[in-house]
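>>> Build me a model from this:
(2 chains)
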Amino acid sequence: AQKVTQAQTEISVVEKEDVTLDCVYETRDTTYYLFWYKQPPSGELVFLIRRNSFDEQNEISGRYSWNFQKSTSSFNFTITASQVVDSAVYFCALSDLDRGSTLGRLYFGRGTQLTVWP
Amino acid sequence: SAVISQKPSRDICQRGTSLTIQCQVDSQVTMMFWYRQQPGQSLTLIATANQGSEATYESGFVIDKFPISRPNLTFSTLTVSNMSPEDSSIYLCSAGGQSMNTEAFFGQGTRLTVV
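Have a look, this model is predicted:
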């Protein structure tokens, strides 16, 4: 069965610190997708990144970077020089493919509440 | 990328009543999903809605409580029936992409409070 574990329930940092959010997943599928979403207090889910299981290259987007390691089934997310506006709940999610080609439902981790203090 | 419009964005309802949430996608999608997020919790899948067939419900969710319609490839509704305070949650709809290189799109969510 698919499973996503975000062991960190809450993280607090001071502005400008770097912070890493951990995500470990379980799946028997060879083809799958991993996601990170940000959920601010307003409640909507903001898409941050999608990574497929065949692409292990790390990705950087501004202050955000992601480290995908299939060997350890991890997909960690780092925010460099954190800002107060980064305060939110961050969800890691896993999706398989329905009938091999269409993105299926997402399996979410429990989320990590990040608080960045000024 | 697809845009999903979900409404209402929030509502306060009396217990025992029902609320229907609408989800409109600006392009045709094969699969639509309804999730529930109880306060302080993660997202849990309620059901998968496929056009032209009955919705598929996850364990713990039943059609009588959460009837779903999917009349075409761009629209779906979720009804929360006979509400109780335990139904107070954020409800989100999502659309599954057609290709392998697409994100999972989410609506803005419906924040429901049952009093």
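
>>> ranges for the helices of chain B?
Using DSSP state H, no helices are found in chain B.

>>> in it, which residue is closest to the centre?
residue B:34 (3.3 Å; C-alpha atoms, centre = their mean).

>>> how much space is there between that one and residue B:115?
The gap separating residue B:34 from residue B:115 is 23 Å, by C-beta to C-beta, to the nearest Å. Bear in mind the C-beta positions are built from the backbone N, C-alpha and C, glycine included.

>>> Would you mind checking the average pLDDT for the longest strand along chain A?
Counting by DSSP state E, the longest strand found in chain A is strand A:88-98. Strand A:88-98 carries an average pLDDT of 89.

>>> how far is that strand from where the chain is centred?
Put simply, strand A:88-98 sits 7 Å off its chain's centre (C-alpha atoms, centre = their mean, to the nearest Å).

>>> list the buried ones in that strand?
A:88, A:89, A:90, A:91, A:92, A:93, A:94, A:95, A:96, A:97 (16 or more other C-beta atoms under 10 Å in any protein chain shown).

>>> so the third one bridges to which residues?
Taking DSSP bridges, one finds residue A:38, residue A:112 as the beta-bridge partners of residue A:90.

>>> okay but it is in contact with residue A:39, surely?
Yes - under the criterion of C-beta atoms under 8 Å, residue A:90 makes contact with residue A:39 at 7.4 Å.

>>> Show residues contacting the least confident helix or strand in chain B by mean pLDDT.
Every helix and strand of chain B was ranked by mean pLDDT, DSSP states H and E. The lowest is strand B:105-106, at a mean of 84. Identification of contacts with strand B:105-106 by C-beta atoms under 8 Å, 6 or more residues apart in numbering or on different chains yields A:37, A:44-45, A:47, B:1-4, B:25, B:92-95, B:97.
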